[in-house]
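Enquirer: coordinates for the following, if possible.
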Amino acid sequence: METLKYKISETYRLLDLLKLEKNFAVAFSGGKDSTLLSILLYKWLRERGVKGKKIIFVHNDTSSELDILEEYARSFLNKICGLIKETGNDCEVIFTVPEHNFYWRVIVAGYPAPNFIFRWCVNHLKVLPNKNALNDLVERYGKIVLLTGHREDESASRARIIKSNSVCGAGEMSCNSSFFLKVDVKNVTKAMPIRNWGLDEVWEFLDDVREEFGLNPLFELYGGNKRARYGCWHCTLVKIQKNIYNLPPPYLYLEGARIIYRVVSDIEEMRLRKDWGRTKLGPLNVLGRAVMLKLFPVVEELSGKRLYGLDEEYLGSYTLREVFYELEPAKSNLLIEKSAKGLRDRKNRLIPIEKIREATVPKDVKDKITDTAKNNVAYAFLSIRGEKYFYEILDRIN
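Expert: As a prediction, the model looks like this:
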C-alpha cells in the first residue's frame, strides 16, 4: 500500500508541474494503463481543486476492435468525462478513425497480412489518424499536453523506446524530464505520468476503484492474464492472439479467421505480382480477396459478433457491407473507384467487385490453406482449444 501511495503521489507531482497548462489530451485505448491514467487525472483535478482546464480524450477506433473492448471504452469515456465536468473543467471525447479501414484495404486494395517488414496497418489505422487529430487540436486550441499511459514495465522493448525517446535521456532517470517524450508535432508536450508504475500496482489501484468507476468489464477482458494487450482482432504482427483466449469461446472464431488471413497472404498463388518494392509479391489477387470477402459474414454467423467496421465506413451514402455484398456491381464499382483515387498502382490493384463475389474457392485451394496453416504456431495453439474454430470457417467458404 505504501508503494502504491508513493506512485500516486509521483504521478500527482508530474501533473503539478503541468498545472499552468490549459489544454490536456489523453491518449485512451481502453486498456488497463489508459484507464488508470484517466482515473488518476480525474482524481488529481478533484483533489487539487484544479479548474478551468480543457480535457480531451483521444480514442483511436480502428474499426477492427473487439466489440467487448470498444463497448467498455465508450462507456468508460462517457462516465469519466461526466465526472471531470463536475470538477469545473471542460471535457470532450474525440474518436479517431482511419480514412479507410481494414475491410476496405483488404477487399478494395488487396492488402496482405502485415508483418514486421510491411507494417502497413500501424501507419494507416493508428498513426496517421492520431497524428491528424493532434494537429487539428493544436489548430483549435494552440498548445497541447498529450498524456499517455506508457510504462517501462510493459515490456523490454517498451522500456528501450521510452529511454531512447525520453527528453532527459537514458542515463538521467531521476530528473523530471524523464517523464516527457520527444514529439514531432509542434506545440505538443508529451508526458508519461505512470511511467514508473509496475503491473501489480496498476491492478491494485484499479481493483481499489473497481466499483466506483464500473471497471468490472475491464477485469473480465483481462481474466487471469493481467499482461494481456488488446488490439485489432486481425493483427498478424503477433504470432498468437493470446488475449482472445481470455474471452468466451465464440471469440476463437476470430482467431481462426486471423490465421486464415495470414495463411492466404503467405500463399503465392493468391497474390498479384508487382515490379516495385523489396518483394515482387503484390496485393491479394481475385482468389485471395474472394476468400476474405466470403470469410467475413461466415465469422459473424459462427461467432455471433458483428464486424462493425463493415457498417461504420461509408463510400458515398453506402456502408462497406452494402458496397461489398448488396449493391449492383456497376454502382459498387463506381463507388470503389471514387474512394481509391489516391491508391498507388490503382489501375492494376482494383478488381471489379463482381469478379470477387463470383470467384469460387475450390477444394484444392482449401487444402492448400489447411496445409500451410499447419506450419503456423497460432494454428497449433488454437487446435488445443478446438480445430472447429478454423475448419468450420473454411468449410463454409465456397
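Enquirer: which residues of the stretch 101-250 of the chain fall in strands?
Expert: Ranges of strands within the stretch 101-250 of the chain are 144-147, 180-181, 188-191, based on DSSP state E, counting those that start in this stretch.
Enquirer: over to the stretch 251-398 of the chain?
Expert: 271-273, 281-284, 314-315, 318-319.
Enquirer: okay, the strands of the stretch 101-250 of the chain, which one's buried deepest?
Expert: Greatest average neighbour count among the strands of the stretch 101-250 of the chain goes to strand 144-147 (a mean of 23), per mean count of other Cβ atoms under 10 Å. Where C-beta positions appear, they are placed from N, C-alpha and C, glycine not excepted.
Enquirer: I'd say Tyr103 and Glu312 touch.
Expert: No - counting by Cβ atoms under 8 Å, Tyr103 stays clear of Glu312, with 9.7 Å between them.
Enquirer: give me the common contacts of those two.
Expert: Ser63 (Cβ atoms under 8 Å, 6 or more residues apart in numbering).
Enquirer: so the two - more neighbours on which side?
Expert: Tyr103 (24 against 15; other Cβ atoms under 10 Å).
Enquirer: that one: what's it in contact with?
Expert: By Cβ under 8 Å, 6+ apart, the contact list for Tyr103 reads Ser63, Phe296, Leu307, Gly309, Leu310, Glu313, Leu320, Phe324.
Enquirer: what about the nearest residue in space to Lys19 that is not next to it in sequence, how many residues nearby?
Expert: Spatially, and ignoring its direct neighbours in sequence, Lys19 is nearest to Val50 (6.1 Å; Cβ to Cβ, 6 or more residues apart in numbering). Other residues lying near Val50 total 17 when counted by other Cβ under 10 Å.
Enquirer: so Val50 touches Thr87, yeah?
Expert: Yes - judged on Cβ under 8 Å, Val50 makes contact with Thr87 at a distance of 7.4 Å.
Enquirer: let me know whether Pro329 touches Ile353 as I believe.
Expert: Yes - with contacts counted by Cβ under 8 Å, Pro329 reaches Ile353, the gap being 5.4 Å.
Enquirer: so for those two, which residue has more residues nearby?
Expert: More crowded of Pro329 and Ile353, by other Cβ under 10 Å: Ile353, with 24 against 14.
Enquirer: with adjacent residues omitted, what lies nearest to that one?
Expert: Nearest non-adjacent residue to Ile353, counting by Cβ to Cβ, 6+ apart: Ser332, 4.6 Å away.
Enquirer: okay if I get the strands of the stretch 251-398 of the chain as JSON lines plus mean neighbour count, distance to Lys54 and mean pLDDT?
Expert: Below are those laid out as JSON lines (neighbours: other Cβ atoms under 10 Å; distance: least, Cβ to Cβ, whole Å; pLDDT from 0 to 100):
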{"stretch": "strand 271-273", "mean neighbour count": "17", "distance to Lys54": "48", "mean pLDDT": "90"}
{"stretch": "strand 281-284", "mean neighbour count": "22", "distance to Lys54": "43", "mean pLDDT": "92"}
{"stretch": "strand 314-315", "mean neighbour count": "18", "distance to Lys54": "30", "mean pLDDT": "98"}
{"stretch": "strand 318-319", "mean neighbour count": "16", "distance to Lys54": "34", "mean pLDDT": "99"}
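Enquirer: could you dump these to TSV with distance to Ser75?
Expert: Shown next, in TSV, are these (distance: least, Cβ to Cβ, whole Å):
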stretch	distance to Ser75
strand 271-273	41
strand 281-284	36
strand 314-315	25
strand 318-319	24
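Enquirer: quick one: mean pLDDT for the lengthiest helix in the chain?
Expert: In the chain, ranked by residue count with DSSP state H as the criterion, the top helix is helix 67-86. The average of the pLDDT scores along helix 67-86 is 96.
Enquirer: which residues of the stretch 201-350 of the chain score low on pLDDT?
Expert: Where the stretch 201-350 of the chain drops to pLDDT under 70, the residues are 275-278.
Enquirer: all helices of it, in order?
Expert: 216-222, 252-266, 286-303, 309-312, 320-321, 329-339, 346-349 (DSSP state H, counting those that start in this stretch).
Enquirer: got these as CSV, with distance to Val361 columns?
Expert: Shown next, in CSV, are the helices of the stretch 201-350 of the chain (distance: least, Cβ to Cβ, whole Å):
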stretch, distance to Val361
helix 216-222, 34
helix 252-266, 10
helix 286-303, 6
helix 309-312, 20
helix 320-321, 20
helix 329-339, 19
helix 346-349, 21
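Enquirer: between these, which gets nearest to Val377?
Expert: Minimum separation from Val377 across the helices of the stretch 201-350 of the chain (Cβ to Cβ) falls at helix 252-266, 9.9 Å.
Enquirer: for that closest one, packing partners?
Expert: Packing partners of helix 252-266 (3 or more Cβ pairs under 8 Å, 6 or more residues apart in numbering; DSSP states H and E): helix 286-303, helix 363-373, helix 377-385, helix 388-396.
Enquirer: just the residues contacting it, thanks.
Expert: By Cβ under 8 Å, 6+ apart, helix 252-266 touches 66, 106, 112-113, 233-236, 241, 244-245, 270-271, 284, 288, 291-292, 295, 299, 302-303, 305, 369, 372-373, 376, 378-379, 382, 385-386, 389-390, 392-394.
Enquirer: of those, buried ones?
Expert: Among the contacts of helix 252-266, those classed as buried by 16 or more other Cβ atoms under 10 Å are 66, 106, 112-113, 233-236, 241, 244-245, 270-271, 284, 288, 291-292, 295, 299, 302-303, 305, 369, 372-373, 376, 378-379, 382, 389-390, 392-394.
Enquirer: so who does the residue nearest to Lys19 touch?
Expert: Applying Cβ under 8 Å, 6+ apart, the residues contacting Val50 are Lys19, Trp44, Thr87, Asn89.
Enquirer: show the buried residues in those.
Expert: Applying a neighbour-count criterion of 16+ other Cβ under 10 Å, the buried members of those are Trp44, Thr87, Asn89.
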